[in-house]
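Peer 1: sequence plus predicted model, see below.
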Amino acid sequence: MKKFLFFICCYLAILSSNSVLAQTAKKIIIENSDYFDVNQVEIPDAVLLTGNVRANHDGIVLTCNKAYYFQKENYIKAFGNVQMVQGDTLFLNSKYAEYNGNVKKAFASGEAFMSSPDATLATDTINFDRNTQEVYYNSQGTINNKDNTLRSKSGRYYVAQKKFQFLTAVTITNPTYVIKSNHLDYYSNSGHSYLFGPSTITSKANYIYTEKGFYDTKKNLAHFLRKSYIKYEDRLIEGDSLYYDRNREFASATRNVKITDSVNRAIVKGHYAEVYKKQDSMFVTKRAVAVNFVENDSVYIHGKRLMVTGKENNRIIRAYNNVRFYKTDMSGKCDSLHSSAKTAITKLIGNPIIWNGESQITGDVMHLIGNNSTQKLDSLKVLNNTFLVSRDTLGTGYNQVKGQNLYGKFEEGKLHEVDIVKNAEVVYFMRNEANELIGINKNVSSKINLILENSAVETITFYKQVDGDIYPDKDLPENARKLRGLVWRGDERIKSKDDIFSDEENELNDKMIEAGKKEDEKENVPMKIRKETLDYDKKK
């Protein structure tokens, strides 16, 4: 009995709430109709309106050729040239429509067409909820917004925000590019697009991939996060955060940056980069390194700042501040570096030093010269104050060759022959096949020629004005075994590609890699809407 009374009370409460709703909801007002008719047989409880029908409900005006008006239900069905107008913000046209005044919801079908000050939507069926100010459709729709055309199978339009939202496949077609995504928010007033999930932007200039990004379709500015890259015909730009300006063909990348040059077989890495495509140039810093593939080997060039400019055959690499480089059989240091593809000359500028195998080479000016025909390292030129030194393999002494200039020739990427010219001096520890010391050669001459095998001296030849001798070990005092200016810097020698970086730079790199991993492990959520998007109409 108690349960029965409870259900009766609930039923009465529901009836009461419906009654209140009916009383509080504003009635649809029929402002005009050429003909008015009532037919309880064909249209029970409805009024038939025909000819220039015009109805008004709480700020929305409906016009059509014919309508069924259900006064008790506060409901209207409209036929022929139907249009619903909400102020100056929304116009909805169709062949057929329904409108419920109690719940303030509209339904339009048959060549349905919605227009707002910034965009138009054409589809088969449109629903409009005036309470939330949302328009939604679940049939193939086309949106036109000045230069952009959007197509999708379903979508939602938020009237107050002027935002289209797509959670299924959507395509934005622009005269310059095409955007494709499965989750996109598009603001029709500003042209701002927010991409989420696997998304692509394709143009003649490049191909862009991102899983979280922002694109301003009016200004052609973009910001991409999460697994993003920009791919040109010959270059791939990757980074945890990418900024892109299509008008200038400029891109900048931050954290875990990698730029791959497929034509020149080169890679540039760092944690901040700027790329100017039209000028064929890039700037990289924060543990910057350029990796070039030469003769089946990799050459690593590091500086605090790297600049790469020019097209393929006229490309110049510049490295600044504490430059270091490494390849399997050669490494070096200098203050700055200038490498030209056109001349095939790499200049080591400011306190240059090269380690070729176990040999240390220093001088005021150093040039590494390549051969553009063979794409191989050809020769080495060291000018002024040339000094070549290596440790005696079994003793405590140093093999030294000193002179004004050095000219070296490479074979298969290794320094094979060296000429030291003008004021040449030598101190060399001579050993027999049993590696026994047979004497110390101390000589001066106009020119010295060295033949190297496996980075060690095989033969020494002296030319013109030769003066010196081979001294027994016991007859040459320690102070006579070192040429003036000898500085052994073996502890500075770069023995691997990891040695080109300082401890501070490696710490930065570890932090950046770890930060990138943590970001990737986080759940991917849509990008926060920018203030410039929300305030766009305020600025106007």
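Peer 2: Noted; the coordinates are in hand.
Peer 1: how much space between the nearest residue to residue 196 once chain neighbours are set aside and residue 527?
Peer 2: Leaving out its chain neighbours, the residue that sits closest to residue 196 by C-beta to C-beta, 6 or more residues apart in numbering is residue 183, at 4.1 Å. Yep, even glycine has a C-beta here, placed from its N, CA and C like the rest. As judged by C-beta to C-beta, to the nearest Å, residue 183 and residue 527 stand 11 Å apart.
Peer 1: what touches both of these two?
Peer 2: residue 196 (C-beta atoms under 8 Å, 6 or more residues apart in numbering).
Peer 1: contacts only, for residue 198.
Peer 2: 181-182, 209, 211.
Peer 1: I should have written residue 459 there, sorry.
Peer 2: Residues in contact with residue 459 (C-beta under 8 Å, 6+ apart) are 450-451.
Peer 1: then residue 71?
Peer 2: Counting by C-beta under 8 Å, 6+ apart, residue 71 touches 27-28, 45, 47.
Peer 1: follow-up on the earlier one: can you say which of the contacts of residue 198 are buried?
Peer 2: Buried by 16 or more other C-beta atoms under 10 Å: 181, 209, 211, out of the contacts of residue 198.
Peer 1: if we can go back for a sec, identify the farthest-apart pair in the contacts of residue 198.
Peer 2: Across those, the longest distance by C-beta to C-beta is 13.4 Å; it joins 182 and 209.
Peer 1: now do the shared contacts for those two.
Peer 2: In contact with both residue 182 and residue 209: 198-199, using C-beta under 8 Å, 6+ apart.
Peer 1: and the host helix or strand of residue 507, how far from the chain's centre?
Peer 2: Using DSSP states H and E, residue 507 maps to helix 503-521. The chain centroid and the centroid of helix 503-521 are separated by 17 Å under C-alpha atoms, centre = their mean, to the nearest Å.
Peer 1: so how far is the next helix or strand after that helix off the chain centroid?
Peer 2: Going down the chain from helix 503-521, the next helix or strand is helix 531-534, by DSSP H and E. Taking C-alpha atoms, centre = their mean, the mean C-alpha location of helix 531-534 is offset from the chain mean by 23 Å.
Peer 1: same question for stretch 249-259.
Peer 2: 5 Å.
Peer 1: and that stretch, what's buried?
Peer 2: Neighbour count says stretch 249-259 has 249-259 buried, by 16+ other C-beta under 10 Å.
Peer 1: now swap in stretch 198-218 and tell me
Peer 2: So stretch 198-218, judged by 16+ other C-beta under 10 Å, has buried residues 199, 201, 206, 208-217.
Peer 1: show the average pLDDT along stretch 123-139.
Peer 2: For stretch 123-139, mean pLDDT is 95.
Peer 1: output that stretch in PDB with nothing but the alpha carbons.
Peer 2: Provided in PDB are the C-alpha atoms of stretch 123-139 (Å, rounded to 0.1, in the frame of the first residue of the first chain):
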ATOM      1  CA  THR A 123      24.100  19.400 -45.100                       C
ATOM      2  CA  ASP A 124      21.100  17.200 -45.100                       C
ATOM      3  CA  THR A 125      19.900  17.500 -41.500                       C
ATOM      4  CA  ILE A 126      20.600  20.100 -38.900                       C
ATOM      5  CA  ASN A 127      19.600  20.200 -35.200                       C
ATOM      6  CA  PHE A 128      19.600  23.400 -33.200                       C
ATOM      7  CA  ASP A 129      19.500  23.500 -29.400                       C
ATOM      8  CA  ARG A 130      18.800  27.100 -28.400                       C
ATOM      9  CA  ASN A 131      19.300  26.400 -24.700                       C
ATOM     10  CA  THR A 132      23.000  25.600 -25.200                       C
ATOM     11  CA  GLN A 133      23.200  27.500 -28.400                       C
ATOM     12  CA  GLU A 134      24.600  24.500 -30.200                       C
ATOM     13  CA  VAL A 135      24.000  23.400 -33.900                       C
ATOM     14  CA  TYR A 136      24.900  19.800 -34.700                       C
ATOM     15  CA  TYR A 137      24.600  17.500 -37.700                       C
ATOM     16  CA  ASN A 138      25.300  13.800 -38.400                       C
ATOM     17  CA  SER A 139      25.300  13.700 -42.200                       C
END
